[in-house]
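K.L.:
the amino acid sequence is not available; the structure is as follows:
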Ligand SMILES: Nc1ncnc2c1ncn2[C@@H]1O[C@H](COP(=O)(O)OP(=O)(O)OP(=O)(O)O)[C@@H](O)[C@H]1O
């Protein structure tokens, strides 16, 4: 249908539908049917982000009933059962109209094009729609508001805020192995001749408000990184610190920074940043914390809100994707600690919303990622071309679980000469609390293996990593259509959708999260039991960060990686890591075992650092390229809406065999695009991305969600999986539609390893496993019960 040639009276309808590009034509068709037939009045499109679809609501002129219509694609294999499931799923949607509809609706009719729910919910209230409600941005979460007439020690508590900040249910509690952290070796280079590591938080001499907040957080003892980093930072040394994932690095830098700011404020009786309306000029933070992803920025903001509670320190977070206007307002109210992603920070600086001349504490969290090729130019711009002090007045701290040698070399540019390097355990090592399993799974078998793997586990929060945004969407659809409660997160989603997806995962509403590398670093989510590397990455550091989303703060966890010949790049280092962590090395990796391995790698000595040049960096930076020009506002993380994974271009592995790599080895296209792949000939065709099985992906809201016509085509050795490709493309057409039987991908080869993966004491669900998964979800997520089921403490 040519939307543009329509009568002008439908222009407004067209406009509304076009807001949902993946779905526009379908929506519009239903929309026209309804309005032309005078079937409905007051017709509008509503997004259901969790369901991943758009619906149409309207009022029947005769009976005044409201109807909710779920437009479907002509080829979509929908059934009454599926529609009822969709209806009940609406109860989790944030939009109050959809919630209300779910509560009061009954499924009433289905046709080829639409499915109708009748309901009697109250008339639409535009103000209640979260998308229009600026309160719902994560950057607007409340911080403690210090009033001018407060004095230290007598500031009143705020019980509502306190309940939100320190809610036990939402926060991770330490696991049985927490005390084992203390057995990890510690090494230091540079810095003072001697210093005394903490044995308790009391020895840190923090500001009293910080001491109170540590108690509110229930931290009884410092972790090793905290024991060593805190005294070094309190005595003013620049620090490059490396410690395992989940071992408490955030508090290791936040606590000293906050305490120092507060102590200075008390001493100087400094003007308050957060006096409402007092400062309508640029924000001039004293501390700047830079992180690579939006989700991580929000998380560190939350930690800063907790540790700064009842203090006069005001933290603010800015990140791409959220409204700049809202963030500027927050900045204008004053900001003592600014938490920012690089692109948005540059944007805010250029708009005159932030001045860096007062910054005394600079933290780069996930510093190796922040300093790698993609971000380096932006970071240099921030650090070298801005008004940021560049003398001994600036105290710099770099933290990560991984520090490739090239980043160690680069980091020197930003530190004072006497900076200290601290490592807890091996650089790039991982915790032995993670049970790491690597199983051999061919590309064509991955879907079925994943499905079986998920069903073989007790329902638990599971994070599935894939390489591309499109694959994240595809798998999300696949699992959803198999009744598994999943949601996906990647850089093509709007920021609102990203925040909602993470919230759904955290709350347990969607305990299966399918994500790209955007979720690999830093995220600290309670009770994530299982990380699955559906697409194993090439880079061992990325692997370490990914699996580090489980087994945090002494809790146990499981990581399962699907391995096949395409993953040979990571094989030697993966094997080394498995051996170091006393994990089973599977038969197919045994050829990579080397007995001549030093497991205690240390920071490089200065002369070795001197020999590193930037051109040495390529092997360490699989995400290289493609970021610099996207830094401003749009995308602060792995890719942008318009051009995903462009960074794979320069990373063709040495000696790679195009015949065994999609798209002739990491070509420039998103998801191993059609062009390069047809050139590469046999091996794994691009259709593998949409795979067998014939489950039709749900059209996605938002832009660039990967259902464009024809993108799934290309040469394929597995022609059976292409059923349905071709004409009639339209919305996401041709992605294996209707071929329920698929191409006969077999899962039997993996039955053994998959079923043997359960945690100690766990049992596979005997019947209808997906239903049980869903039961857990719909009856509310009882994390305590789940932890017991999984054999956790
Ligand atoms: N001393 C402590 N006592 C109890 N819990 C702690 C302590 N320090 C940190 N934690 C908790 O441990 C969890 C992991 O901490 P954090 O997120 O800082 O890890 P990290 O080392 O930064 O991990 P990553 O490398 O993945 O970013 C958090 O939930 C945090 O609240």
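P.N.:
Looks like it arrived, so ask away. Just so it is clear, the structure is predicted and the values come from calculations on it, not from any experiment.
K.L.:
let me see the mean pLDDT of stretch 185-198.
P.N.:
Stretch 185-198 comes out with an average pLDDT of 91.
K.L.:
and the end-to-end length of that stretch?
P.N.:
End-to-end distance of stretch 185-198 (CA to CA, to the nearest Å): 15 Å.
K.L.:
quick check: closest non-adjacent residue to residue 487.
P.N.:
Once flanking residues are discounted, residue 487 sits nearest to residue 510: 3.7 Å by CB to CB, 6 or more residues apart in numbering. Using the backbone N, CA and C atoms, a C-beta is placed for each residue, glycine as well.
K.L.:
do I have it right that that neighbour meets residue 50?
P.N.:
Yes - here residue 510 reaches residue 50: they are 7.0 Å apart, a contact under CB atoms under 8 Å.
K.L.:
list residues touching both of these two?
P.N.:
487, 504 (CB atoms under 8 Å, 6 or more residues apart in numbering).
K.L.:
neighbour count for these two, which is higher?
P.N.:
residue 510 (28 against 23; other CB atoms under 10 Å).
K.L.:
and the pLDDT at the more buried one?
P.N.:
87.
K.L.:
next, it: phi, psi?
P.N.:
Taking degrees, to the nearest 10, you get phi -130, psi 80 for the backbone angles of residue 510.
K.L.:
residue contacts, it?
P.N.:
Residue 510 sits next to 50, 485, 486, 487, 501, 504, 777 when contact means CB under 8 Å, 6+ apart.
K.L.:
then residue 198?
P.N.:
Contacts of residue 198 were listed using CB under 8 Å, 6+ apart, and they are 204, 222, 226, 227, 228, 230, 231.
K.L.:
quick one: the second one from the ligand, how far?
P.N.:
Per CB to the nearest ligand atom, to the nearest Å, residue 222 is found 5 Å from the ligand.
K.L.:
can you tell me the SS state at that residue?
P.N.:
Per DSSP: H, G, I helix; E, B strand; the rest coil, the secondary structure class of residue 222 is coil.
K.L.:
look up phi and psi at the closest residue in space to it that isn't next to it in sequence.
P.N.:
Using CB to CB, 6+ apart and skipping residues adjacent in sequence, the residue nearest residue 222 is residue 198, 5.2 Å away. Main-chain dihedrals, residue 198, degrees, to the nearest 10: phi -70, psi 150.
K.L.:
which residues touch the residue in the stretch 351-500 of the chain that the ligand sits nearest to?
P.N.:
Across the stretch 351-500 of the chain, the shortest distance to the ligand (CB to the nearest ligand atom) belongs to residue 401, at 4.2 Å. By CB under 8 Å, 6+ apart, the contact list for residue 401 reads 242, 243, 244, 245, 249, 428, 430, 544, 545, 548.
K.L.:
so what's the fifth one closest to, chain neighbours aside?
P.N.:
Right, the one you point to is residue 249. Nearest to residue 249 is residue 399, by CB to CB, 6+ apart, at 4.7 Å.
K.L.:
surely that neighbour is in a strand?
P.N.:
Yes - assignment of residue 399 by three-state DSSP places it within a strand.
K.L.:
hmm, it is touching residue 254, no?
P.N.:
No - with contact defined as CB under 8 Å, residue 399 does not reach residue 254; the gap is 10.4 Å.
K.L.:
which element, helix or strand, includes the residue of the stretch 51-200 of the chain found nearest the ligand?
P.N.:
Nearest residue of the stretch 51-200 of the chain to the ligand (CB to the nearest ligand atom) works out as residue 172 at 3.7 Å. Using DSSP states H and E, residue 172 sits in no helix or strand.
K.L.:
skipping its backbone neighbours, what lies nearest it in space?
P.N.:
Of all residues not flanking residue 172 in the chain, residue 526 sits nearest, at 4.4 Å (CB to CB, 6+ apart).
K.L.:
near the ligand, which residues of the stretch 451-600 of the chain?
P.N.:
522, 524, 548, 552, 553 (CB under 6 Å from any ligand atom).
K.L.:
return the set of buried residues in the lengthiest helix in the chain.
P.N.:
When the chain is parsed with DSSP state H, its longest helix is helix 249-268. Of the residues in helix 249-268, 249-263, 265 count as buried by neighbour count, 16 or more other CB atoms under 10 Å.
K.L.:
name the residues of this protein found near the ligand, please.
P.N.:
Selection of the chain residues close to the ligand by CB under 6 Å from any ligand atom yields 172, 174, 219, 221-223, 226, 243, 245-251, 401, 522, 524, 548, 552-553.
K.L.:
contacts only, for residue 434.
P.N.:
Contacts of residue 434 (CB under 8 Å, 6+ apart): 547, 548, 550, 551, 556, 557, 558, 559, 581.
K.L.:
farthest-separated two in the buried residues of helix 249-268?
P.N.:
Spanning the widest gap among these are 249 and 265, at 24.9 Å by CB to CB.
K.L.:
where in the stretch 501-650 of the chain is pLDDT low?
P.N.:
Where the stretch 501-650 of the chain drops to pLDDT under 70, the residues are 613-650.
K.L.:
apologies, that question was intended for the stretch 201-350 of the chain.
P.N.:
In the stretch 201-350 of the chain, residues with pLDDT under 70: 268-281.
K.L.:
now do the helices in it.
P.N.:
Under the criterion DSSP state H, counting those that start in this stretch, helices of the stretch 201-350 of the chain are mapped to 208-216, 224-234, 249-268, 294-307, 324-332, 342-350.
K.L.:
buried residues of the last one, list them for me.
P.N.:
By that I understand helix 342-350. 342, 343, 344, 345, 346, 347, 348, 349.
K.L.:
helices or strands up against it?
P.N.:
Helix 342-350 is packed against strand 287-290, strand 315-318, helix 324-332, helix 373-384, with contacts defined by 3 or more CB pairs under 8 Å, 6 or more residues apart in numbering; DSSP states H and E.
K.L.:
out of the ones you listed, deepest packed?
P.N.:
Neighbour counts (mean count of other CB atoms under 10 Å) averaged over each of the helices and strands packed on helix 342-350 peak at strand 315-318, with a mean of 29.
K.L.:
and it, which strands flank it?
P.N.:
strand 337-340 (parallel) (DSSP bridges).
K.L.:
what sits up against the partner strand?
P.N.:
With CB under 8 Å, 6+ apart as the test, strand 337-340 has contacts from 257-258, 261, 283, 285-291, 297, 300-301, 304, 308, 313-319, 331, 345, 348, 354.
K.L.:
repeat that for 6 Å
P.N.:
Residues outside strand 337-340 that contact it (CB atoms under 6 Å, 6 or more residues apart in numbering): 285, 287-290, 297, 300-301, 304, 315-318.
K.L.:
the residue nearest to residue 249: what's it in contact with?
P.N.:
Going by CB under 6 Å, 6+ apart, residue 399 touches 241, 249, 253, 365, 367.
K.L.:
can you check residue 318 too?
P.N.:
By CB under 6 Å, 6+ apart, the contact list for residue 318 reads 327, 340, 344, 348.
K.L.:
swap the cut-off to 8 Å and go again
P.N.:
With CB under 8 Å, 6+ apart, residue 318 has these contacts: 139, 297, 327, 330-331, 338-341, 344-345, 348, 354.
K.L.:
name whatever forms a beta bridge with residue 395.
P.N.:
Bridge pairing for residue 395 - DSSP bridges - gives residue 361.
K.L.:
measure it to residue 237 for me?
P.N.:
Here residue 395 is placed at a distance of 8 Å from residue 237 (CB to CB, to the nearest Å).
K.L.:
I'd say residue 265 and residue 287 touch.
P.N.:
No - using CB under 8 Å, residue 265 makes no contact with residue 287, being 12.0 Å away.
K.L.:
that's a helix at residue 164, yeah?
P.N.:
Yes - secondary structure of residue 164 (three-state DSSP): part of a helix.
K.L.:
which SSE is the closest residue to it other than its chain neighbours in?
P.N.:
Using CB to CB, 6+ apart and skipping the chain neighbours, the partner closest in space to residue 164 is residue 142 (7.7 Å). For residue 142, there is no helix or strand it lies in under DSSP H and E.
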